[in-house]
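Undergrad: have a look; sequence and predicted model below, questions after that.
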Amino acid sequence: MDTEQNQEFVFTHRDYHSHEGVFFGHDETTGFKGIIAIHSRKRGPALGGMRMSLYPDEPAALSDVLRLSEGMTYKAAAAELKLGGGKMVVLADPKKEKTKDLLLSAGRFVQLLSGAYITAEDSGTNLEDMLVINQATEYVVGIKSGDPSRLTAYGTYLGIKACVEFKLGKKELRGLKVAIQGIGNVGSKLAEYLYQDGCQLTVTDTGEEKVKRLSENNIKFNFVKPEEIFSQTVDIVSPNARGAVLNENTVPQLKCTIVAGAANNQLAEEKIGSRLFEKDILYAPDYIINAGGLLNVYMEVENPDKYDDKVAHRRCEPIYQRLRNIFTESQKRKIPTHKIAMEMALRNLK
């Protein structure tokens, strides 16, 4: 397996923000191509999921791994975990190109970094994949705690309740209209929580099988095309798919009072957070509200032999108050919520 650092391209990349290391791996025998980005290890080893996706090109994959790894740094710091931020992307179609040999190559690539980076499941990978990867590297979590999406969804649900209480003055969600973008592992579980609480759901996704599965779970919803989700007249817009969905095109369409979802890197640019603030839309910073999955796997880092699902759920509960504190500080200082969240994360990185 070859590893290299493309210094000239990486260091001038728009999404490179003092990352500690960016590593490129390639195994010709299995077809594996992957990138690991380590943004920071100030608080501990860099942990982040292994995302497998058919990217349009290699620069797009690099941009994704740089942005995601940086987000993981702030997520861990804001949650006061002894972890740094990292991420791995595998350039492959998870539906057609995922093989045992390719996964083993990915595991060997992780092992080369000797624990500087710890991997876990992410979009395009699952628990079964992690079990295979674990055959090639010890630096993988999520084996005992299982699918982290259920905790990501739970934490996001608690975060939405914090948003609603702060912005709308309501302790209950019943009757609120929510537009959910993306009903994959996290989005579908979040939809269940919201539906059980009496919310009226409008959803979208590019995968027909996901829509069918949500319907089979006896959840009533209105389906719209992906390009229509941000223009819905609702109380809450909840992004739960890919990043950069809040941008110059979508923000002017918003007809909501709250944006709160589990997607990573929702703001295409930093200034978009200020746009939301100017429009009087309460934005729940993504790496604060979606920390449940990280809190879940962190229990394995602390003590691999003592994972407890009930404890994992309890560890998500501070997300509610953390967001309330951010909202209160934002209101008091008249500063956008994403800037307050960043201040919090950076304080914990000193």
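TA: Cool, got the structure. Numbers count the residues shown, from 1 in each chain.

Undergrad: rest of the way, CA atoms for contacts and neighbours
TA: Will do.

Undergrad: so residue 86 is in contact with residue 42, correct?
TA: No - judged on C-alpha atoms under 8 Å, residue 86 makes no contact with residue 42 at a distance of 11.8 Å.

Undergrad: who has more neighbours, the two?
TA: More crowded of residue 86 and residue 42, by other C-alpha atoms under 10 Å: residue 86, with 34 against 16.

Undergrad: which non-adjacent residue is nearest the residue nearest the centre of the chain?
TA: Central residue of the chain (C-alpha atoms, centre = their mean): residue 264, 3.7 Å from the mean position. Distances taken as C-alpha to C-alpha, 6 or more residues apart in numbering place residue 243 nearest to residue 264, at 5.4 Å, with adjacent residues excluded.

Undergrad: Three-state assignment for that neighbour, please.
TA: Secondary structure for residue 243, judged by DSSP: H, G, I helix; E, B strand; the rest coil, is coil.

Undergrad: got the contact list for it?
TA: Contacts for residue 243 (C-alpha atoms under 8 Å, 6 or more residues apart in numbering) come out as 263-268.

Undergrad: buried ones from the residues you listed, can you make that a PyMOL selection?
TA: One line in PyMOL is enough to select the buried ones among those; burial here means 16 or more other C-alpha atoms under 10 Å:
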select buried, resi 263+264+265+266+267
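
Undergrad: any chance of JSON lines for the contacts of residue 243, columns pLDDT, distance to residue 152 and secondary structure?
TA: Formatted as JSON lines, the contacts of residue 243 follow (pLDDT from 0 to 100; distance: C-alpha to C-alpha, whole Å; DSSP: H, G, I helix; E, B strand; the rest coil):
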{"residue": "263", "pLDDT": "97", "distance to residue 152": "10", "secondary structure": "coil"}
{"residue": "264", "pLDDT": "95", "distance to residue 152": "11", "secondary structure": "coil"}
{"residue": "265", "pLDDT": "95", "distance to residue 152": "15", "secondary structure": "coil"}
{"residue": "266", "pLDDT": "97", "distance to residue 152": "15", "secondary structure": "coil"}
{"residue": "267", "pLDDT": "97", "distance to residue 152": "19", "secondary structure": "strand"}
{"residue": "268", "pLDDT": "95", "distance to residue 152": "21", "secondary structure": "coil"}
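
Undergrad: residue 215 is in contact with residue 195, correct?
TA: No - the pair residue 195 and residue 215 does not pass the contact test of C-alpha under 8 Å, sitting 11.9 Å apart.

Undergrad: quick one, which of these two is more surrounded?
TA: Remark: of residue 195 and residue 215, residue 195 carries more neighbours, 21 against 12, as counted by other C-alpha under 10 Å.

Undergrad: what's that one in contact with, if anything?
TA: By C-alpha under 8 Å, 6+ apart, residue 195 lies in contact with 201, 219-220.

Undergrad: host element of residue 109?
TA: When secondary structure is defined by DSSP states H and E, residue 109 falls within helix 100-111.

Undergrad: extract the C-alpha trace of that helix and format it as PDB.
TA: Coordinates of each C-alpha in helix 100-111 appear next as PDB, following Å, rounded to 0.1, in the frame of the first residue of the first chain:
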ATOM      1  CA  LYS A 100     -14.200  -7.700   2.100                       C
ATOM      2  CA  ASP A 101     -10.700  -7.100   0.500                       C
ATOM      3  CA  LEU A 102     -11.400  -3.400   0.000                       C
ATOM      4  CA  LEU A 103     -12.500  -3.100   3.600                       C
ATOM      5  CA  LEU A 104      -9.400  -4.900   4.800                       C
ATOM      6  CA  SER A 105      -7.300  -2.500   2.800                       C
ATOM      7  CA  ALA A 106      -9.100   0.400   4.500                       C
ATOM      8  CA  GLY A 107      -8.300  -1.200   7.900                       C
ATOM      9  CA  ARG A 108      -4.600  -1.600   7.100                       C
ATOM     10  CA  PHE A 109      -4.500   2.000   6.100                       C
ATOM     11  CA  VAL A 110      -5.900   3.000   9.500                       C
ATOM     12  CA  GLN A 111      -3.400   0.700  11.200                       C
END
